[in-house]
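# how would this look folded up:
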Amino acid sequence: MVYAVDRMAERAERPVGGVSRNIQRLTRACWDAENRKNLLPFLGRDMPIRVPKELLFHLAYYSRTGIPYIKAMKHHAAPPV
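All right, here's what the predicted structure looks like:
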């Protein structure tokens with residue numbers, strides 16, 4: 001995860017700390033109760049996610065593979081990232 005933030009910061013020409021805080025803010029904003037129903041296509045199903053870091057994992061997996069992690073796991077094994 002740290003490597004990804006470093007790469008994003010480098011591409012955006014911004015400090016790593018600022019990029020990391022922006023990612024945290026956006027992840028928390030996505031997790032608002034009002035937005036939860038909008039996350040279903042990316043999560044694959046309504047599921048209990050305890051902390052924003054878990055949501056970030058699912059969103060990163062979806063952005064990399066184009067399929068929800070939970071669906072990939074149901075179809076044998078998740079494709080490599």
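# Pretty sure residue 8 sits against residue 19.
Yes: using C-beta atoms under 8 Å, residue 8 and residue 19 qualify as a contacting pair, with a distance of 5.3 Å. (C-beta placed from N, C-alpha, C; glycine too.)
# So for the two, which sits in the more crowded spot?
When neighbours are counted by other C-beta atoms under 10 Å, residue 19 comes out ahead of the other of residue 8 and residue 19, with 19 against 15.
# Tell me the secondary structure at that one.
Per DSSP: H, G, I helix; E, B strand; the rest coil, the local secondary structure of residue 19 is helix.
# Might you report the residue contacts of it?
5, 8, 9, 12 (C-beta atoms under 8 Å, 6 or more residues apart in numbering).
# State the distance from residue 28 to residue 52.
In this structure, residue 28 and residue 52 are 5 Å apart, going by C-beta to C-beta, to the nearest Å.
# More neighbours: which of these two?
Neighbour count, other C-beta under 10 Å: between residue 28 and residue 52, residue 52 has more, with 17 against 13.
# Which pLDDT does the model give that one?
Looking at residue 52, its pLDDT stands at 72.
# which one is it nearest to, not counting chain neighbours?
Counting by C-beta to C-beta, 6 or more residues apart in numbering, residue 27 is the residue found nearest to residue 52 once chain neighbours are left out, at 4.3 Å.
# Which pLDDT value does the model give that neighbour?
pLDDT, residue 27: 75.
# Cheers, nothing more for now.
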